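S.K.: Just the structure for this:
(chains A and B)
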Amino acid sequence: MARAFRADRGRVVGRLQPYEVELVRGLVGDVVALVRADRPDNAVTARLFPDASPDPVAAAELRELIHDDLREGKLAAAKTLLDSLPDDGRVSLDGETAEVWLTALNDVRLALGTALNVTEESSQRETADDDMGMQVYDLLTFLQDSLVNAVSAVGGR
Amino acid sequence: VARRDRSPPPTTLVGVTIAPERAREVSREERHEADRPWVTIVWNDPINLMSYVTYVLQKLFGYSREKATKLMLDVHQKGRAVVSSGAKETMEFDVARLHAAGLWATLQQD
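M.R.: As a prediction, this is how the structure comes out:
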């Protein structure tokens, strides 16, 4: 199992098992493929690119304004994560890169959580040993939560 | 949910009763409509972590940990919270930044 991210002399460090490295890379790659495909009828895409207004006309206008930059930002964050995740899983990030990791990992959690239909109730239940989807989701939750704390510690918050 | 005009009664005009003032009342009311600030609302979702939402609100808006935590709890418990208000363009910027962080946000006129 991965070790929690922590702040260490101004950097954010963590350690993933090699199979976890492959898992995270695969999931980030899945998100990249989804974002590139840009299919608004997909539930995961709809969650990553939500309507910015309850009014459909205003939402369409805002989408024009926001969508392309948002898309580029998500792809860039995914690339940053992939580029700074070594094969051996020994992660060491400066504060800025760690913040980008937060965004990219969060997109992966949003994507997987949406695909798994995660609810507040289901995410609080203990995960069954054979529920692979939720096992992966729990790993992402563990990584994300410890990364938030480590980034906050490095940023002095 | 149907959209309703929830603008408060124009209290500044209370007591205006005589006919010639009517025209001014309307124009003032129109201006009141245009001047109403826009707000950015963050909505609850079952996936984003409480710690992460608090972090994002601190990071994007410069809020204290206390204020960001209170807003996060409002989102969590009440389903939504107004996280910023101001000019429409500023709210568009805020919503875009929140979407980039993966939060579910919308803007509307207050």
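S.K.: Near chain B, which residues of chain A are found?
M.R.: Residues of chain A that fall close to chain B, judged by CB under 8 Å from any CB of the partner chain: A:47-55, A:62, A:65-66, A:69-70, A:73-74, A:99, A:102-103, A:106-107, A:109-110, A:113-114, A:118-120, A:122-123, A:141, A:144-145, A:148-149, A:151-152, A:157. Backbone N, C-alpha and C define where each C-beta goes, glycine included.
S.K.: Do a quick rundown of the strands in chain B.
M.R.: B:38-43, B:80-86, B:105-109 (DSSP state E).
S.K.: Give me the mean pLDDT for the last one.
M.R.: Regarding strand B:105-109, the rounded mean pLDDT is 96.
S.K.: Of the residues of chain A next to chain B, just the buried ones, PyMOL syntax please.
M.R.: To isolate the buried members of these in PyMOL, using 16 or more other CB atoms under 10 Å in any protein chain shown:
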select buried, chain A and resi 47+48+49+50+51+52+53+62+66+70+73+74+99+102+103+106+107+109+110+113+114+118+123+141+144+145+148+149+151+152
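S.K.: quick one: which of the residues of chain A next to chain B sit in strands?
M.R.: Nothing among those maps onto strands, per DSSP E.
S.K.: Chain A is nearest to which of the strands of chain B?
M.R.: strand B:105-109 (5.3 Å; CB to the nearest CB).
S.K.: Would you quantify the distance from A:Leu62 to A:Ala76?
M.R.: Per CB to CB, to the nearest Å, A:Leu62 is found 21 Å from A:Ala76.
S.K.: roughly how far out does stretch B:79-92 sit from the chain middle?
M.R.: For stretch B:79-92, the distance from its own C-alpha centre to the chain's C-alpha centre is 4 Å (CA atoms, centre = their mean, to the nearest Å).
S.K.: And stretch B:75-93, by the same measure?
M.R.: 5 Å.
S.K.: what does stretch A:137-147 give?
M.R.: 9 Å.
S.K.: Just the closest residue of chain B to chain A, please.
M.R.: Of all residues in chain B, B:Ile47 sits closest to chain A, at 3.8 Å by CB to the nearest CB.
S.K.: So that residue sits against A:Asp107, correct?
M.R.: No - when contacts are counted by CB atoms under 8 Å, B:Ile47 is not listed as touching A:Asp107 (10.7 Å).
S.K.: Tell me which residue of chain A is furthest from the middle?
M.R.: Of all residues in chain A, A:Val57 has its C-alpha farthest from the mean position, at 29.7 Å, by CA atoms, centre = their mean.
S.K.: For that one, give its distance to chain B.
M.R.: Distance, A:Val57 to chain B, by CB to the nearest CB, to the nearest Å: 11 Å.
S.K.: Check the spacing between the nearest residue to A:Asp88 once chain neighbours are set aside and B:Ala68 real quick.
M.R.: Once flanking residues are discounted, A:Asp88 sits nearest to A:Pro18: 7.0 Å by CB to CB, 6 or more residues apart in numbering or on different chains. Computed as CB to CB, the A:Pro18 to B:Ala68 distance reads 36 Å.
S.K.: okay, those two: which has more neighbours?
M.R.: Per other CB atoms under 10 Å in any protein chain shown, whichever of A:Pro18 and B:Ala68 has more neighbours is B:Ala68, with 22 against 10.
S.K.: if I pick A:Phe5, what's in contact with it?
M.R.: Applying CB atoms under 8 Å, 6 or more residues apart in numbering or on different chains, we find A:Phe5 in contact with A:Val12, A:Val13, A:Gly14, A:Val91, A:Ala98, A:Leu143, A:Ser146, A:Leu147, A:Asn149, A:Ala150.
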